[in-house]
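1. have a look at this fold, sequence not included:
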């Protein structure tokens, strides 16, 4: 009888492939505690865009904060809803610029950040679904922090068609960079941004 406390080799290989990705310098990757009870086996990491340290001399400390987490779920017994034994779940939150507020196309654009990142990385998948939401929070009274925060949130999940998940981790890092407003890797802006 197999020991259910020891992750199966297929799951360990999938985690190793996710962990093998080396993101661009502006992205900070950290291991996370995976949410319990979503699947027999789970693993997670977070990515934050460190916009203040782009290294191009054009650092903008007032740029929107952007972060996300990617969770790998594994059930050795194939899940019909997943259409496989693995499922990737992501959550991304990015601060909006004032000119983006109320933009009716923002959800469509936000969704395209994910679909284009998956396509460019060659992250083959099935059963992709999710939501893009604009949120506004206004603080009152003695709560510390900015008086108002406007964000876009993307929640999505998909089933990879291979146990090599490195392309999916690469796509997720690209998604975070895009949501943060970073130029494509290796491209330097021609025009200096002003605050």
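-> That came through, no problem. None of these values were measured; they are calculated from a predicted model.

2. the longest helix along the chain - contacts with which helices or strands?
-> Using DSSP state H to assign secondary structure, the helix with the most residues in the chain is helix 106-121. Secondary-structure packing of helix 106-121 (3 or more C-beta pairs under 8 Å, 6 or more residues apart in numbering; DSSP states H and E): strand 125-138, strand 148-160, helix 166-179. Placement of C-beta: from N, CA and C, glycine included.

3. redo the ones you listed as TSV? Include mean pLDDT and mean neighbour count.
-> As requested, the helices and strands packed on helix 106-121 are exported to TSV (pLDDT from 0 to 100; neighbours: other C-beta atoms under 10 Å):
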stretch	mean pLDDT	mean neighbour count
strand 125-138	90	13
strand 148-160	91	19
helix 166-179	96	24
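
4. mind checking which of those is nearest residue 37?
-> strand 148-160 (16.0 Å; C-beta to C-beta).

5. between helix 106-121 and that closest one, find me the angle.
-> Angle, strand 148-160 to helix 106-121, by axes from the mean of the first three to the mean of the last three C-alpha atoms, to 10 degrees: 40 degrees.

6. quick one: strands adjacent to strand 148-160?
-> Taking DSSP bridges as the criterion, strand 148-160 pairs within the sheet with strand 84-95 (antiparallel), strand 125-138 (antiparallel).

7. that one versus helix 166-179: what angle between them?
-> Using the same axes, to 10 degrees, strand 148-160 lies at 160 degrees relative to helix 166-179.

8. does residue 30 touch residue 46 like I think?
-> Yes. Contact criterion C-beta atoms under 8 Å: residue 30 and residue 46 qualify, at 5.1 Å.

9. can I get the helices and strands packed on helix 106-121 in JSON lines with distance to residue 117?
-> JSON lines is the format used below for the helices and strands packed on helix 106-121 (distance: least, C-beta to C-beta, whole Å):
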{"stretch": "strand 125-138", "distance to residue 117": "11"}
{"stretch": "strand 148-160", "distance to residue 117": "11"}
{"stretch": "helix 166-179", "distance to residue 117": "4"}
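
10. any idea which of those gets closest to residue 118?
-> helix 166-179 (4.6 Å).

11. give me the contacts around that closest one.
-> 17-21, 23-24, 26-27, 29, 47-49, 66-68, 70, 88, 90, 92, 94, 110, 113-114, 116-118, 120-125, 152, 154, 160, 185 (C-beta atoms under 8 Å, 6 or more residues apart in numbering).

12. still on that earlier bit, relative to residue 39, which of the helices and strands packed on helix 106-121 is closest?
-> strand 148-160 (11.5 Å).

13. measure how far that closest one is from the centre of its chain, please.
-> Centroid separation between strand 148-160 and its chain, computed with C-alpha atoms, centre = their mean, to the nearest Å, is 8 Å.

14. just stretch 124-134 next, same as before
-> With C-alpha atoms, centre = their mean, you get 12 Å for stretch 124-134.

15. measure residue 13 to residue 163 for me?
-> Counting by C-beta to C-beta, to the nearest Å, the separation of residue 13 from residue 163 is 6 Å.
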